[in-house]
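Participant: All I have is the shape, not the residue letters:
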């Protein structure tokens, strides 16, 4: 079974010295989150301009910030309710800017319009289903199409200038796992009644 916590801990341990450096610099995790959003927006702009090298570098740095901010907060004991809330909201804005940019660049491909809609739907429902699990005191199953994993896929597909394929894969994968969460939740709810 897919265990995101194991992946998260291994990653945090591997970048521990870098996180310590961030902490000593006086930066806060929210600063890293905001930098990630800014880098992502600028990367999308350079993608529209056709500068794929700059896009790849900026998107890699932006997604790196998105990965580091949570590990930074945990390692430096700066985890706050507001920080977690802002991180989640700003991450969604960044993803929606990315999908909107892909939609703009591939605007002549009508099929990608449909896949873009499915990505928006899958991303929003992925977060919503997690919230419903947590609201009901249940552990939400992790999957390979959550935010962190979508970011890794995004950087890989940027490298090959195939954001159209990223869009299709995330559209199918995220909605598949939303349906899986719905099925599992229904099964658990039935067992409790």
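Facilitator: That came in fine, so what should we check first? Predicted model only: the values in this text are computed from it and were never measured.

Participant: Show the residue spans covered by the strands in this protein.
Facilitator: Chain-ordered strands for the chain, with DSSP state E as the definition, do not occur.

Participant: what's the pLDDT at the residue nearest to the spatial centre of the chain?
Facilitator: Nearest residue to the geometric centre of the chain (Cα atoms, centre = their mean): residue 147, 2.5 Å. Residue-level confidence at residue 147 comes out at 84, pLDDT.

Participant: From residue 169, how far off is the closest residue in space to residue 174 that isn't next to it in sequence?
Facilitator: Closest residue to residue 174 apart from its sequence neighbours, by Cβ to Cβ, 6 or more residues apart in numbering: residue 122 at 2.9 Å. C-beta: built from backbone N, CA, C; applies to glycine. Residue 122 is 11 Å from residue 169, where distance means Cβ to Cβ, to the nearest Å.

Participant: Pick out whichever of the two has more residues nearby.
Facilitator: residue 122 (23 against 17; other Cβ atoms under 10 Å).

Participant: The more buried one touches residue 143, doesn't it?
Facilitator: No - at 11.0 Å, residue 122 does not count as touching residue 143 under the criterion of Cβ atoms under 8 Å.

Participant: Burial check on residue 47, number of neighbours?
Facilitator: 23.

Participant: which residue packs closest to it, ignoring adjacent ones?
Facilitator: residue 55 (4.3 Å).

Participant: What of residue 154?
Facilitator: Nearest residue to residue 154, sequence neighbours excluded (Cβ to Cβ, 6+ apart): residue 166, at 5.8 Å.

Participant: go on, residue 56?
Facilitator: Here the residue nearest residue 56, using Cβ to Cβ, 6+ apart, is residue 158, at 5.2 Å.

Participant: tally of neighbours for the one you found?
Facilitator: Neighbourhood size, residue 158 [other Cβ under 10 Å]: 22.

Participant: Return the residues in contact with it.
Facilitator: When contacts are counted by Cβ atoms under 8 Å, 6 or more residues apart in numbering, residue 158 touches 52, 55-56, 59-60, 166.

Participant: and stretch 105-113, which residues are buried?
Facilitator: 105-106, 112 (16 or more other Cβ atoms under 10 Å).

Participant: Now, these that are in helices?
Facilitator: Within the buried residues of stretch 105-113, residues falling in helices by DSSP state H are 105, 112.

Participant: now the buried residues of stretch 105-113 in CSV, with distance to residue 151 and pLDDT?
Facilitator: Output for the buried residues of stretch 105-113, formatted as CSV (distance: Cβ to Cβ, whole Å; pLDDT from 0 to 100):
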residue, distance to residue 151, pLDDT
105, 19, 88
106, 20, 86
112, 20, 87
